[in-house]
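when you get a sec, could you give me coordinates for this:
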Amino acid sequence: MSNLTYRKCWADINQDLVDQLSYESPLDPSMVPKDRESASQHLTVLCVKYIQIFKKIETTYDQIVHPQKRRLIKGVLIAVLGRLLEIKHKLVELECSDIQEFTNVLWDLKLTPDDMAINVPRYFLEDRRKTIEERDLLLNALNAKVLMINDSSSVFPEMKRDEAVRIIQLNERGRQGKLRAKYMRDMRLQAMREKELDGNDDETQVNQAALAIQRIYKGYKARQVYKRMLHEELIFLGMKKPPRDLKRDPIAKAELNRVRRKALQGQHEDEYQQALVNTKEKILRVEGPDMKEAMQDSFRQWYMEYKRINGKFPDFPADKVWQQPTFKFAIESEPKPGEEGAAQADGAKPDAEPKESAKASTPANDKNAKNKKKGEPEEEDPDKFKFDDSPFLENIRSEYQIYFQNWHSKDESDNFAQKHDQDIIKVDKRNEAEAEIKLEVFEILKEELKNLKMAVDREKASKGKKGKKGKGIFSLKLSVVVLMWFSMAGKKGGKKKGKGGKKGKGKKGKKEKDLTANRTMESLVEELVQNGIIQKTIPIGINDFIGDQNLLAQPANKPLTLEPKLGELKRLLTEYAILPLGASIESLHGVVSMLLCGARGTGKTMLLNAIANEAGAMIFNISPSNTAGLYLGKPAVTKLLHMVFKVARAHAPAIVYLDKCEMSLKGLKPVDRVMLIGTSWKPWDADPKVFLPVWQKIVMCPKPDYGERCLIWSRFLGERIAAMPGASHGGTFATQMMERVNVSLLTRLSDGVTAGSIATCCDRLLTERRMKRLRSQPLRTEELIEHLLNLGPINKDEDKMLKEWFERTPLPRKRAQMLATPVEEDPNKGKKKPAGKDKKGK
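Residues are numbered from 1 along each chain as shown. Take a look at the predicted model:
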């Protein structure tokens, strides 16, 4: 797309933000939600709209090439991202569930469930590309381990010796039988050829043979034409996807256009940085002397005029005052003592009136006001909803004001290449140059005013000496006493300050001791890599995790627990982990610790790899199976945790990974931009009093349902067949092979099977030897069913135990209390309370 398209898109985004801000803070008080239900509906609409705006802003920021516009759009992008996460956490607080229902809102807004998928901003990795490449080079040089995805079972499980011997014998006998059958067939064919050669050649036999060959060839050609016509008809009817032409593919063209615009972004950014330096140097060189002279003249005029009005030199303004960009020297006359007292007397009268009116307005028969104790907080309605002030809303408003002021009505017809705007650079750099000159000049002016005051004081002192000597001696003694008193007060203040400092230090607690103060960061990283703690990730993105959105609305009666679909699980992890880690902003609402619990093979380790890759985070694997035998004893374990979190803070964002975390959890304290992620498939084995408080969020990884299993079977088989070595037009060949497989039957038979088990089934069948024979022996559904039956029985008791354990976690328990509250209050609505219990209590 062109530059004009993205300019229009940016204008549409700002209009959407204006509408969104007006919807967030309506002028009509009746439109403000006041209870839990209306607030939940209000926030749900906000969340859906912010997701759509966020996706538009991310695309615009990624493609626009103007450097100054990119900076403004990035500020809006971060503000919208922060507001989106705020609304998400508020929804979780209201509904007591990490999963929300958006079906009704999507119907009203004419959106599909796929529109709720959140794209990870591409600038997360692009802005840190050099840092990530240097880290990868370091890990490769140190031969770091790879965090492998744990399959539910091995591709080829171990077998006993007798079973292996039996299989070898069976295959050997089959091989020998095939060789004997081939030998006998060759002998029969040879005998038939000799017999034919001995007979006489008959012309009719030759004609019949030619007719047979023609018949077979024409039938073959007719079938090919029929298949091609059928394929074209299905494409025309929309029942099949058209073949991908790389030369005319719009997706490939869009990707090439994106690469070209990224190159232009780099060129324009370099020119913009050079223009910033040149413009500032030119302003300092040309306009700097005039700025200094103007500041000095205004300062001298100010203190001379002040002295003429008040009879003395003024005090220099405080640093916080004169460092403001809009500061100017203003002349203010000091009030006389009589005028000040009169002003205070006049100001006291109106203050008394509200007190009297307040007393008069208090009703005498208000029993609640009489019974209320002093300092007792007012009772609040638990269902009443309160909106919190968000700093991100102010950021959105300020960014919109800058857009409206600088870019809304700007004529850019002469800037077709979308390079930087020199006028805006001059305004910004002039302000920076003026601030630097102000810092330099005002220090000189402060000394000048101080010297003037000292000169005036010396002149007054010299005139005073000519007067009475007694008076001079008395003033000298008085000044000495005052100086001594101030010095003593300063010592006392210093002592108090020291004591206060000690108290403050005691409140904060002891500073954590650095156990590795004598070691460099490079040595710590090398030790952790060599011991397998720091690991590399598999190049997997969050979109590689196959999942579908919820296409069915929840029933009218709210269920106790909302189990996420795999598509909703992707969005949940994006909101809780990827966006806060990748954005590198402290004010964003992030999660410092999260537990992924689910059966083996549900994709927990794959999701961990995806989070690390999308956010560009470093992984520290402190799982018991990974650290076994390395750090023995409590001091060694304490030192290990200290090293891990010290290196993680220095290389943030980082992820501390703990597999089978139900075994040990002592001493883990996550910090900012360092996230603790644990995985467990038997969380009920842990002590809930120790286990549950560690995790800020507990996310259940479910097994795929029918639709998701259908997607998984199609994706796994299609990718493996298309990756067959030496296959030309792999996509077409994979489509032809997939047409022979009954995916619907496989989906029904694999009910309760995890994605990892389906991947294992595909890997066991599509070996290298089987892939080479695909053209001669196409794939059959029976082969996949055979391997599917060999996976072993499904343990439904573990699924039941996992669900029961999850319902006992804090958030589902809170939701159960919320849903049960109206039922408990209904029977007591019409009953009257006894008269004496209001005063005495129970």
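
what's the longest helix in the chain?
Across the chain, the longest stretch assigned as helix under DSSP state H is helix 422-465.

show me where the stretch 101-250 of the chain dips below the pLDDT cut-off.
Where the stretch 101-250 of the chain drops to pLDDT under 70, the residues are 150-157, 197-203, 246.

hey, where'd the helices end up in it?
For the stretch 101-250 of the chain, the helices defined by DSSP state H, counting those that start in this stretch cover 103-108, 123-126, 129-141, 161-198, 203-236, 250-286.

which ones are touching Glu255?
Contact analysis of Glu255 by C-beta atoms under 8 Å, 6 or more residues apart in numbering lists nothing. Glycine gets a C-beta too; all of them are placed from N, C-alpha and C.

try it again with 10 Å
Glu255 makes contacts with Asp249, as judged by C-beta atoms under 10 Å, 6 or more residues apart in numbering.

so how far is Ser584 from it?
Using C-beta to C-beta, to the nearest Å, Glu255 is found at 27 Å from Ser584.

wait, Ile533 sits on Asn626?
Yes - the criterion here is C-beta atoms under 10 Å, and Ile533 meets it with Asn626 at 7.3 Å.

mutual contacts of the two, please.
Contact criterion C-beta under 10 Å, 6+ apart; residues bridging Ile533 and Asn626 by contacting each: Lys145, Phe620, Tyr657.

hmm, back to that, okay, the helices of the stretch 101-250 of the chain, which one's buried deepest?
A comparison of the helices of the stretch 101-250 of the chain by mean neighbour count, using mean count of other C-beta atoms under 10 Å, puts helix 123-126 on top with a mean of 16.

packing partners for it?
Here helix 123-126 touches helix 36-63, helix 67-95, helix 129-141, helix 579-583, helix 604-615, going by 3 or more C-beta pairs under 10 Å, 6 or more residues apart in numbering; DSSP states H and E.

distance to Leu632 added to those helices, as a markdown table?
Below are the helices and strands packed on helix 123-126 laid out as a markdown table (distance: least, C-beta to C-beta, whole Å):
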| stretch | distance to Leu632 |
| --- | --- |
| helix 36-63 | 48 |
| helix 67-95 | 41 |
| helix 129-141 | 26 |
| helix 579-583 | 32 |
| helix 604-615 | 26 |
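
out of these, which comes closest to Arg815?
Of all the helices and strands packed on helix 123-126, helix 67-95 sits nearest to Arg815, with 7.3 Å by C-beta to C-beta.

only the buried residues of stretch 517-535, if you could.
The neighbour-count check on stretch 517-535 (16 or more other C-beta atoms under 10 Å) flags Leu524, Val525, Glu527, Leu528, Val529, Ile533, Ile534, Gln535 as buried.

any low-confidence regions in the stretch 701-842 of the chain?
725-732, 734, 821-842.

which stretches of it form strands?
Along the stretch 701-842 of the chain, no segments are classed as strands by DSSP state E, counting those that start in this stretch.

relative to Pro539, how far out is the closest residue to Asn143 other than its chain neighbours?
In space, and not counting its chain neighbours, Asn143 is closest to Val529: 7.8 Å by C-beta to C-beta, 6 or more residues apart in numbering. Distance of Val529 to Pro539, computed by C-beta to C-beta: 19 Å.

now do Val525
22 Å.

just the pLDDT at the most centrally placed residue in the chain, thanks.
Nearest to the geometric centre of the chain sits Leu579, at 0.7 Å (C-alpha atoms, centre = their mean). Note on Leu579: pLDDT of 90.

helices of the stretch 601-750 of the chain, start to end?
With DSSP H, counting those that start in this stretch as the criterion, the stretch 601-750 of the chain has helices at 604-615, 624-627, 634-650, 688-691, 706-722, 730-739, 743-749.

tell me which of these sits most buried.
Among the helices of the stretch 601-750 of the chain, helix 604-615 has the highest mean neighbour count (mean count of other C-beta under 10 Å), at a mean of 25.

how big is the angle separating that helix from helix 129-141?
Relative orientation of helix 604-615 and helix 129-141, computed by axes from the mean of the first three to the mean of the last three C-alpha atoms, to 10 degrees: 130 degrees.

where does the stretch 501-650 of the chain have low pLDDT?
Counting by pLDDT under 70, the ranges of the stretch 501-650 of the chain that qualify are 501-513, 552-561, 586-589.

the residue nearest to Cys47 when sequence neighbours are not counted and His42, how far apart?
Spatial nearest neighbour of Cys47, chain neighbours left out: Ile87 (5.0 Å); criterion: C-beta to C-beta, 6+ apart. Separation of Ile87 from His42 (C-beta to C-beta) stands at 10 Å.

of these two, which one has the most company?
Between Ile87 and His42, counted using other C-beta atoms under 10 Å, the more crowded position is Ile87 (24 against 20).

got a list of what that one touches?
For Ile87, counting by C-beta under 10 Å, 6+ apart, the contacting residues are 24, 42-51, 390, 392, 589.

which pair of those residues spans the longest distance?
Largest pairwise distance in those, by C-beta to C-beta, is 19.5 Å, between Val45 and His589.

hey, what's in contact with both of Ile87 and His42?
With C-beta under 10 Å, 6+ apart, Ile87 and His42 have common neighbours Glu24.

okay, and which of the buried residues of stretch 517-535 map to strands?
Counting by DSSP state E, the part of the buried residues of stretch 517-535 found in strands is Ile534, Gln535.

so which helix or strand takes in Ala569?
Careful, residue 569 is Leu and not Ala. Assessed by DSSP states H and E, Leu569 sits inside helix 566-573.

which helices and strands sit right next to that helix?
Secondary-structure packing of helix 566-573 (3+ C-beta pairs under 10 Å, 6+ apart): strand 593-597, helix 604-615, strand 697-700, helix 706-722.

how much space between the residue nearest to Tyr50 when sequence neighbours are not counted and Leu579?
Leaving aside its chain neighbours, Tyr50 sits nearest to Leu84 (4.5 Å; criterion: C-beta to C-beta, 6+ apart). From Leu84 across to Leu579, the span is 8 Å (C-beta to C-beta).

and for Leu109?
Counting by C-beta to C-beta, the gap from Leu109 to Leu579 is 22 Å.

burial of Pro704, as a residue count?
26.

now the phi/psi pair for it, please.
Dihedral angles of Pro704 (phi, psi; degrees, to the nearest 10) stand at phi -70, psi 150.

isn't it right next to Thr602, touching?
Yes - counting by C-beta under 10 Å, Thr602 is a contact partner of Pro704 at 8.4 Å.

what do those two both touch?
Common neighbours of Pro704 and Thr602 (C-beta under 10 Å, 6+ apart) are Leu566, Thr754, Ala755.

which one of those is nearest Asn742?
Comparing the shared contacts of Pro704 and Thr602 against Asn742 with C-beta to C-beta places Ala755 closest, at 19.4 Å.

leaving out chain neighbours, which residue sits closest to the closest one?
Ala755 sits nearest to Ile712 (C-beta to C-beta, 6+ apart), 5.3 Å away.

so what's that neighbour up against?
By C-beta under 10 Å, 6+ apart, Ile712 lies in contact with 546-547, 566, 704, 743, 746-747, 750, 753-755, 758-759, 762.

dump the residues you listed to a markdown table, plus distance to Leu676.
Below are the contacts of Ile712 laid out as a markdown table (distance: C-beta to C-beta, whole Å):
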| residue | distance to Leu676 |
| --- | --- |
| Ile546 | 27 |
| Gly547 | 24 |
| Leu566 | 23 |
| Pro704 | 27 |
| Val743 | 39 |
| Leu746 | 38 |
| Thr747 | 36 |
| Ser750 | 34 |
| Val753 | 30 |
| Thr754 | 25 |
| Ala755 | 25 |
| Ile758 | 30 |
| Ala759 | 28 |
| Cys762 | 33 |
